[in-house]
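S.K.: Fold the following.
(chains A, B, C and D)
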Protein chains: 2
Amino acid sequence: MSLPHAILTALLEKPSSGLELTRRFDRSIGYFWSATHQQIYRELGKLEEAGQIRALPSPVPLRGQKKEYEVLPAGRDELTGWVLRSEDPKPIRDALLLRLRAAAVAGPRAVDAMEAELARHLAMHEAQLAEYLDMERRQFGPGRDSEADRLRHLVLRGGIELERFWTDWLTEALASLRTR
Amino acid sequence: MSLPHAILTALLEKPSSGLELTRRFDRSIGYFWSATHQQIYRELGKLEEAGQIRALPSPVPLRGQKKEYEVLPAGRDELTGWVLRSEDPKPIRDALLLRLRAAAVAGPRAVDAMEAELARHLAMHEAQLAEYLDMERRQFGPGRDSEADRLRHLVLRGGIELERFWTDWLTEALASLRTR
DNA sequence: CATAACATGTAAGCAGTTACATGATTCT
DNA sequence: AGAATCATGTAACTGCTTACATGTTATG
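M.R.: So this is what the prediction gives:
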């Protein structure tokens, strides 16, 4: 139940239209929460109906016309309440680890295929890591150390370290598979 | 679409009943895939209907009676096919990182609450890490280096390194929050 | 014989994915 | 005028979560 809170957070940082939100979910917000435009439009509708956000006054509110949203006090309260509540970490559910374990019972042909698959994932995670490091350099250079900036930097650090976990583990796994 | 494959993998490793599977999903299988007993029973029904598994012959197949399943050739084929297919990593969706970013816009009271929350998560991840390290010591001691064992060990290493990522990042984040 | 633990299921609701629909604006 | 892009949506489906239902076996 976190997508509405992700949207409220994004809109508090900067009022946006559905498509702008979609772009932000593909970029910066993407390193801790992903969402498609279909999810976002549906959720914007619900949040507006619930009185937590509102569309900014616009001359022509028609289909195909940009519609900007901002957070209302009720939305801010809801978000604060959610942050104050405590919530346990969700158990892991990772398809790649599962497929490697499946390969162990599916036989040698499957293990060979996994080797190529691990290499493919390694390349993707290396690219993602490079992108995050670039974002860190551009967004959190010297002088950017307000309270909010420090917290946002911490979150980005999380994304970076997570990608580093993947590149490290995949490298280790590939080395192990190749010395069979 | 991976739960059926997780179940096929588990049943190939060892034919089991629904409850036994549930226990295994809470323990060893849990470090790469989680599932509740409701999910498992529903999926066992579907897999049986699809002819991928079968219930072992039993004198009384009644409600409340244990029912053991084993994988049929069709199930093994399906699993192998799934391992051979390639699949991209799913984008991240982590509620704790999101809540930290939300705290940045929700104000100082929220940030204080997050400090306690991060400490709580750190304790949980430290406990999980200790458990995995214990499993590693017991299950992959010297002499356990068959092909299948090495792959299973790699998967457990993934679980271990992932917990280590969390304990490291949470420690870093707490230190940063406390020196405000 | 009551209770706890074992064992298997059903039902409703919510969240996420995939495919499709439709209008407006800009570019060639 | 046609195509690409911008922009907002709908609908159907799949998978997961939460709450509840029900029977069996072992134990004190």
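
S.K.: Could you verify my assumption that residue A:91 touches residue B:35?
M.R.: No: in this structure, residue A:91 is not within contact of residue B:35 by C-beta atoms under 8 Å, at 9.1 Å. For the C-beta atoms, the positions are set from N, CA and C on the backbone; glycine is no exception.

S.K.: which of the two has more neighbours?
M.R.: Remark: of residue A:91 and residue B:35, residue B:35 carries more neighbours, 22 against 14, as counted by other C-beta atoms under 10 Å in any protein chain shown.

S.K.: For the closest residue to that one other than its chain neighbours, give me its contacts.
M.R.: In space, residue B:35 comes closest to residue B:25 once its chain neighbours are excluded; the distance is 4.7 Å by C-beta to C-beta, 6 or more residues apart in numbering or on different chains. The contact partners of residue B:25, taken as C-beta atoms under 8 Å, 6 or more residues apart in numbering or on different chains, are B:6, B:10, B:33, B:34, B:35, B:40.

S.K.: which SSE is residue B:25 in?
M.R.: Secondary structure assigned from DSSP states H and E places residue B:25 in helix B:18-26.

S.K.: how is chain A carved up into domains?
M.R.: Under automatic domain parsing, the residue ranges defining each domain of chain A are A:3-84, A:95-178.

S.K.: My read is that residue A:150 contacts residue B:173, right?
M.R.: No: counting by C-beta under 8 Å, residue A:150 does not reach residue B:173; the two are 10.1 Å apart.

S.K.: Okay, now the unreliable bits of chain A?
M.R.: Judged by pLDDT under 70, chain A has its weakly predicted residues at A:58-64.

S.K.: can you rerun that using 90?
M.R.: Low-confidence segments of chain A, defined by pLDDT under 90, span residues A:1, A:56-67, A:141-148, A:179-180.

S.K.: what are the ranges of the strands in it?
M.R.: Taking DSSP state E, the strands of chain A run over residues A:16-17, A:53-55, A:68-71.

S.K.: rewinding a little: ok, of the contacts of residue B:25, which come out buried?
M.R.: B:6, B:10, B:33, B:34, B:35, B:40 (16 or more other C-beta atoms under 10 Å in any protein chain shown).

S.K.: So of the residues you listed, which two are at opposite extremes in space?
M.R.: Between any two of the buried ones among the contacts of residue B:25, the greatest separation by C-beta to C-beta is 12.5 Å, found for B:10 and B:34.

S.K.: before we move on, the earlier item: neighbour count winner among residue A:150 and residue B:173?
M.R.: For residue A:150 versus residue B:173, neighbours defined as other C-beta under 10 Å are more numerous around residue B:173 (24 against 17).

S.K.: Might you enumerate the residues of chain A proximal to DNA strand D?
M.R.: A:17-20, A:37-38, A:41-42, A:44-45, A:63-67, A:90, A:93 (C-beta under 7 Å from any atom of the strand).

S.K.: now those: which count as buried?
M.R.: Burial of these was assessed by neighbour count (16+ other C-beta under 10 Å); the buried members are A:17, A:18, A:20, A:44, A:67, A:93.

S.K.: quick one, what contacts the second one?
M.R.: Contacts of residue A:18 were listed using C-beta under 8 Å, 6+ apart, and they are A:37, A:40, A:41, A:44, A:67, A:69.

S.K.: let's see it at 7 Å
M.R.: When contacts are counted by C-beta atoms under 7 Å, 6 or more residues apart in numbering or on different chains, residue A:18 is found next to A:37, A:40, A:41, A:44, A:67.

S.K.: Tell me the one of those residues nearest DNA strand C?
M.R.: residue A:37 (8.0 Å; C-beta to the nearest atom of the strand).

S.K.: I'd assumed residue A:22 was in contact with the closest one.
M.R.: Yes: with contact taken as C-beta atoms under 7 Å, residue A:37 and residue A:22 are classed as touching, separated by 4.3 Å.

S.K.: burial count for the closest residue to residue A:153 other than its chain neighbours?
M.R.: Sequence neighbours aside, residue A:140 is the residue nearest to residue A:153 in space, at 4.6 Å (criterion: C-beta to C-beta, 6+ apart). Residues contacting residue A:140 under the criterion other C-beta under 10 Å number 17.

S.K.: now swap in residue A:175 and tell me
M.R.: Applying other C-beta under 10 Å, we find 9 residues neighbouring residue A:175.

S.K.: Next: the one 3 residues further on.
M.R.: Applying other C-beta under 10 Å, we find 10 other residues in the vicinity of residue A:178.

S.K.: now it, nearest residue through space, not along the chain?
M.R.: Nearest in space to residue A:178, with sequence neighbours left out and distances taken as C-beta to C-beta, 6+ apart, is residue A:115 at 7.1 Å.

S.K.: Would you mind measuring from residue A:71 to chain B?
M.R.: In this view, residue A:71 and chain B are 9 Å apart by C-beta to the nearest C-beta, to the nearest Å.

S.K.: burial count for residue A:1?
M.R.: 7.

S.K.: Let me know the distance separating it from residue B:66.
M.R.: The spacing between residue A:1 and residue B:66, counted by C-beta to C-beta, to the nearest Å, is 36 Å.

S.K.: contact partners of stretch A:114-123?
M.R.: With contact meaning C-beta under 7 Å, 6+ apart, stretch A:114-123 is reached by A:96, A:99-100, A:103, A:167, A:170-171, A:173-174, A:177, B:83, B:86, B:89.

S.K.: Pipe these into TSV and attach distance to residue A:119 per row.
M.R.: Shown next, in TSV, are the contacts of stretch A:114-123 (distance: C-beta to C-beta, whole Å):
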residue	distance to residue A:119
A:96	12
A:99	14
A:100	13
A:103	14
A:167	12
A:170	8
A:171	10
A:173	10
A:174	6
A:177	10
B:83	15
B:86	11
B:89	13
